[in-house]
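# 3D, please:
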Amino acid sequence: MSDDLEYLAAPQFLSVVAFLPFLHMQEGGALMEVLMAARNWIAGGALGAVMAITTSAGAATLINGSFETNTLTPAQAAMAASQGYVTLSKGSKAITGWTVNGGSIDYIGSYWKAAQGSWSLDMSGNTNGSITQSFATTPGQTYDVTFDLAGNPDGSPTNKDLGVDAGGSPISLYGFDSAGATHSNMGWTPESYVFQATGALSSLTFTSLDTPNTPYGPALDNISISAVPEAATWMMMLLGAGLLGAGLRLSRRQEGAALAAV
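Residues are numbered from 1 along each chain as shown. Here you go, the predicted model:
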């Protein structure tokens, strides 16, 4: 994209241009010609492309956030089918995109109802476990990670603890009270974790922090990630919407006055 087009794509410029149809400028002026040309350029379909560029800036892609795809061995698949889950130990990459990097986890199929799809995790297999996935990020960009949290209702502790971090950032602690939960009604709760990327590659890690260390840990499912728009971008978009609304009201009053004068 040329420097001129980059300028025209800036949210600050778009907010002003959106208001142009309602401004009264002297026709033939140089400023009027340039800005109206920009408005026509946007009206011709470039606005959609600009919005797509703005939306995709800083985007991150997380693979298999609901754990629906895997590369289980035939023996592991048979065990999951017979008992509703299979235990995966440190170093396992059987869940597509994810690595078990500590302790062990239970890869849950039909054993209980997942938050989304057919599979979820008990973050404590035979002992407290953890999983991680690395993905491309934009340094300085803020990201919002959402996930669903529950807890294995089969045993203590009743209060399950899950730690979340994104490599170098402080670990955030999330708790879930599993009292009253059942396999068919796990009580999945939506949670959010926000972090700022420090490099071009970030590693997202979920860890069972239950005490005492038992096989009945926090349950995890439905992980997704999105870039958080910068505050300045939001403000300019709101400003543009406000100017547009004001312009519409002004235009309608002028049309009403013109009709009344006829």
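# Where does pLDDT dip in this protein?
Scanning the chain for pLDDT under 70 picks out 1-57, 169, 231-262.
# mind listing the strands for it?
85-89, 99-102, 104-108, 120-122, 130-136, 142-151, 159-165, 172-177, 189-196, 201-208, 218-227 (DSSP state E).
# Mind putting those strands into a markdown table with mean neighbour count?
Quick note: C-beta positions are derived from backbone N, CA and C, even for glycine. Compiled in a markdown table, those are given as follows (neighbours: other CB atoms under 10 Å):
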| stretch | mean neighbour count |
| --- | --- |
| strand 85-89 | 21 |
| strand 99-102 | 19 |
| strand 104-108 | 26 |
| strand 120-122 | 27 |
| strand 130-136 | 18 |
| strand 142-151 | 21 |
| strand 159-165 | 21 |
| strand 172-177 | 16 |
| strand 189-196 | 16 |
| strand 201-208 | 22 |
| strand 218-227 | 22 |
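# Select, out of the ones you listed, the one closest to A75.
strand 85-89 (9.0 Å; CB to CB).
# contacting residues around the closest one?
72, 76-77, 79-80, 94-95, 100, 103-109, 111, 122, 125-126 (CB atoms under 8 Å, 6 or more residues apart in numbering).
# same thing with stretch 140-147?
58, 60, 62, 65, 137, 164, 166, 190-197, 202, 204, 206, 220-228.
# Repeat the analysis, applying 6 Å as the threshold.
By CB atoms under 6 Å, 6 or more residues apart in numbering, the residues outside stretch 140-147 that reach it are 58, 60, 191-197, 223-228.
# and what of stretch 171-180?
By CB under 6 Å, 6+ apart, stretch 171-180 touches 149-151, 153, 158-165, 191, 193, 218.
# give me that answer again for 10 Å
With CB atoms under 10 Å, 6 or more residues apart in numbering as the test, stretch 171-180 has contacts from 145, 147, 149-166, 186-189, 191-195, 205-207, 209, 216-220.
# gap between the two ends of that stretch?
28 Å (CA to CA, to the nearest Å).
# re the thing from before, hmm, which two among the contacts of stretch 140-147 are most spread apart?
G58 and E191 (21.9 Å).
# between the contacts of stretch 140-147, which is closest to A115?
Nearest member of the contacts of stretch 140-147 to A115, counting by CB to CB, is I223, at 10.0 Å.
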